[in-house]
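K.L.:
This is a predicted model, with the sequence first.
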Amino acid sequence: MRVTHVLHDTDELFLEHSPEVPLSACVGIDDRSGEVLRLSFDEAELGHILVVGRSAAAALGMYTTILLDLASQIVTTPNRREIYVTPPFSILEFLGTEEAQIFTDAAMALPVAVKLERATDTAMTTLNDFQHELDRRRREPDLARHPKFLFLSGLQAAHGIRACGFYESDVNPQAPKFAQILRSGTFHSLHAVVWCNSFANLDLTMPDGLESFRHVLILAGTDRSPFGEIEDTRGDQSWHVDRHLGYVAPMTPFALPTQAWCEAVISALN
């Protein structure tokens with residue numbers, strides 16, 4: 001599949017804090033305009049991002065640029081240390097691959113607090129944290145609601161939150177917690193970025209799962225597309241679907257950057 005390497009100067013690629021606009025992040029190149037494709041995390045309904053496809057390098061490449069772009073905005077937020085009393089980033093990493101290590105190493109090196117849970121046997125206390133925070137923001141709507149982000153890497157391996165067949169939620173109590181975060185989180189500035197390797201596994205884990213996401217990034221070679229506007233996902237073309245606007249466009253995702261590049265960016269943030 002076609003990917004593009006992050007060769008831009010980060011001063012041009014990543015943003016700094018701007019109180020007038022929601023946080024946003026770059027994921028690749030819009031093939032129609034040739035411009036960097038940025039996705040906004042606002043409080044509108046369906047504000048989450050779903051990545052679907054088997055290429056771990058492409059999915060985690062987008063994860064890494066999203067993470068570092070958001071971090072660039074957060075570290076330039078005035079009074080950040082007082083505002084972010086809890087970690088702005090939480091990661092559930094279920095794969096443990098070399099590509100995932102680059103992403104999680106970058107996350108743990110950031111000059112902000114990050115919560116990381118690995119492996120399929122994790123207790124997934126991250127979901128408890130988000131549920132508690134969601135409940136608190138519902139009870140206390142006048143308090144500051146700084147954006148928080150949940151990165152879930154490898155939904156197909158997250159057996160504890162599967163909800164079909166023998167994965168019924170009464171057996172896996174994390175499933176309704178995850179569903180609640182996806183259903184209600186964005187209105188309270190709690191955002192999720194989820195990667196699943198196929199639409200088939202998305203359906204197995206989350207029936208009608210697409211309904212929870214505004215942005216769907218479909219990597220080339222994906223099993224099938226539920227969007228009629230996309231005729232073929234078996235070639236080398238990737239796609240961006242904005243379900244809120246009914247917009248479908250070809251895109252080229254960012255490749256997984258090198259560890260050295262990530263370290264250089266994080267050093268500049270520090």
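P.N.:
Cool, the structure landed. On a predicted model such as this, the values are computed, not experimentally measured, just so you know.

K.L.:
rest of the way, CA atoms for contacts and neighbours
P.N.:
Noted.

K.L.:
Please enumerate the strands of the stretch 51-200 of the chain.
P.N.:
Using DSSP state E, counting those that start in this stretch, the strands of the stretch 51-200 of the chain run over 89-93, 114-118, 148-153, 190-196.

K.L.:
Serialize those to TSV and add fields for mean pLDDT and mean neighbour count.
P.N.:
As requested, the strands of the stretch 51-200 of the chain are exported to TSV (pLDDT from 0 to 100; neighbours: other CA atoms under 10 Å):
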stretch	mean pLDDT	mean neighbour count
strand 89-93	96	23
strand 114-118	93	17
strand 148-153	96	22
strand 190-196	96	24
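
K.L.:
Show me where this structure dips below the pLDDT cut-off.
P.N.:
7-9, 44-46, 81, 119-122, 165-166, 169-170, 231-234 (pLDDT under 70).

K.L.:
Where is the longest helix in it?
P.N.:
Taking DSSP state H as the criterion, the chain has its longest helix at helix 56-75.

K.L.:
What is that one packed up against?
P.N.:
strand 23-30, helix 98-108, strand 247-253, helix 259-269 (3 or more CA pairs under 8 Å, 6 or more residues apart in numbering; DSSP states H and E).

K.L.:
next one: the first one to chain centre, how far?
P.N.:
Counting by CA atoms, centre = their mean, to the nearest Å, strand 23-30 is centred 11 Å from the centre of its parent chain.

K.L.:
Nearest to residue 4, out of the helices and strands packed on helix 56-75?
P.N.:
Proximity to residue 4 (CA to CA) singles out strand 247-253 among these, at 6.2 Å.

K.L.:
Check this structure and tell me which residue is nearest its centre.
P.N.:
Geometric centre of the chain, nearest residue: residue 193, 1.9 Å, by CA atoms, centre = their mean.

K.L.:
coming back round to it: so what angle separates the directions of the longest helix of the chain and helix 259-269?
P.N.:
Per axes from the mean of the first three to the mean of the last three CA atoms, to 10 degrees, the angle that helix 56-75 makes with helix 259-269 is 10 degrees.

K.L.:
wait, residue 128 sits on residue 176?
P.N.:
No. Applying CA atoms under 8 Å as the test, residue 128 and residue 176 come out as separate, 10.9 Å apart.

K.L.:
Show me the contact partners of stretch 174-185.
P.N.:
For stretch 174-185, contacts defined as CA atoms under 8 Å, 6 or more residues apart in numbering pick out 46, 48, 124, 127-128, 130-131, 134, 160-163, 169, 190-192, 212-213.
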